[in-house]
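Trainee: what follows is a predicted structure for the sequence shown.
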Amino acid sequence: MPLNKSYLLAAGLAVVLVIWMMMGDEIPPEQPDRSLTTEASLFRVQYEDHAGQPMHRNVRATGHVSAERNVDVIAEVSGKVTSIRTQRGLPVKEGQLLLTIDERDLPARLKQAEATLKQVTIETRGSHDLFRKGLVNESEVINAEARLASAEASLTDIRRQLDATQIRAPFTGMFDQRYVELGEYVPAGEAVARVLDTDPMLVKGRIAEKDIADVAIGDKAYAILLNGNRVDGTIRYIAAGADSQTRSYDIEMAITDGIPQSGLFDGQTATLYVPQPDVMAYFLSPALLIMTADDQLGLKVLTEDDRVRVVPVTLLSAEDDGVWVYGPGEKMRLITIGQGFVSDGEQVEAVAKNTGKQ
């Protein structure tokens, strides 16, 4: 009966295995080592105490000098340029003659139109007299008045054309450019000259969206030209809407003091500054700057109870060995080592630089 014994042995081993597995659920789990303290589990960071320094701040915009107005004078009649009366680059008064265009037959047509108007005027009066006497009907009077109106319109048009042969300055300013030469044929609708209104001269630029709330119409401002000269003025215009591409706002300063108007030129490069109240600024390595959740510059600092706090900052200026920023206030505990491993609001173990003190 060896086969039966083998079956009995196998069955016994199976029962033992089942009992062992059932007992395994009752074995208490291994207890973790709780010798570490709560403080030891905190991430350690190093910080430095910083005190802000009062510094001047300006809203800055790159721009250029511009005339108040910049107007191309258009020829209203066709013809050859018969005379040039003023040189380019010279100041001109409103209405001053710049150049003339050939009058052609306009003077003769003017005399004819004047004579025609006189004739039609007499005829119209006669029609009214005859109508009052009952010798003509009302339609004759209406026809006479129509001829009179046509004659008046013809005379007005010829006078306008004749006047348009005299190209004059539209306002007091500077005769900046002449696009035609003596004897050149000019078609109607073509620009023949440019006149600049230089009183006042302006500095135009664009300011960033983040600065728009810091500037107001009437603010005192100044600009530095490319050659280092300074001009002072007042903000007179701020665009109500931003550029759709750059999200920046047009701004203008009217120049009131500095270089004489004659020493300023339309198109000169200039940097515009609008002074702001002093701020408490910090000089630090740009490597310590981070990008905040809303894509702004920021720093990670410590609160009094050693919690991480992200504070937004604004770039004030940059130098070869660091940057000036403002925003944290009068002082801060700046995390200098370990900032990349901790998050806003996290409790940390804080160690002061070079002291080992918490």
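Mentor: Noted; the coordinates are in hand. Residues are numbered from 1 along each chain as shown.

Trainee: could you give the bridge partners of the residue nearest to Ile212 when sequence neighbours are not counted?
Mentor: Distances taken as C-beta to C-beta, 6 or more residues apart in numbering place Tyr249 nearest to Ile212, at 5.3 Å, with adjacent residues excluded. No exception for glycine: its C-beta is placed from N, CA and C like everyone else's. Beta-bridge pairing for Tyr249 (DSSP bridges): Ile207.

Trainee: which parts of the stretch 151-300 of the chain are strands?
Mentor: Taking DSSP state E, counting those that start in this stretch, the strands of the stretch 151-300 of the chain run over residues 166-168, 173-178, 185-186, 191-197, 202-207, 220-225, 230-238, 249-257, 269-284, 290-291, 297-302.

Trainee: OK, contacts around the residue nearest to Ile212?
Mentor: The contact partners of Tyr249, taken as C-beta atoms under 8 Å, 6 or more residues apart in numbering, are Arg206, Ile207, Glu209, Ile212, Ile238, Ala239, Gly241, Ala242, Asp243.

Trainee: pop the domain breakdown of the protein in here.
Mentor: Using automatic domain parsing, the domain parsing of the chain gives 44-52+285-352, 60-68+198-278, 72-196.

Trainee: how about the contacts made by Ala164?
Mentor: Counted by C-beta under 8 Å, 6+ apart, Ala164 has contacts Ala75, Glu76, Val77, Ile101.

Trainee: then Asp102?
Mentor: Gly79, Lys80, Val81, Thr82, Thr165.

Trainee: quick check: phi and psi on the last one?
Mentor: Reported as degrees, to the nearest 10, the phi and psi values for Thr165 are phi -70, psi -10.

Trainee: that one contacts Asp105, correct?
Mentor: No. With contacts counted by C-beta atoms under 8 Å, Thr165 stays clear of Asp105, the gap being 11.8 Å.

Trainee: okay, these two: which has more neighbours?
Mentor: Thr165 (18 against 10; other C-beta atoms under 10 Å).

Trainee: and the pLDDT for the more buried one?
Mentor: Thr165 carries a pLDDT value of 95.

Trainee: hang on, the earlier thing: next step: the contacts of Asp102 restricted to helices.
Mentor: Among these, no residue falls in helices (DSSP state H).

Trainee: quick one: closest of the strands of the stretch 151-300 of the chain to Ser150.
Mentor: Distance to Ser150, taken as C-beta to C-beta, is lowest for strand 166-168 among these, at 26.2 Å.

Trainee: residues in contact with that closest one?
Mentor: Contacts of strand 166-168 (C-beta under 8 Å, 6+ apart): Val73, Ala75, Gly95, Gln96, Leu97, Leu98, Leu99, Thr100, Ile101, Val192, Ala193.

Trainee: ok, the closest residue to Gly329 other than its chain neighbours to Lys133 distance?
Mentor: Closest residue to Gly329 apart from its sequence neighbours, by C-beta to C-beta, 6+ apart: Met280 at 6.3 Å. The gap separating Met280 from Lys133 is 97 Å, by C-beta to C-beta, to the nearest Å.
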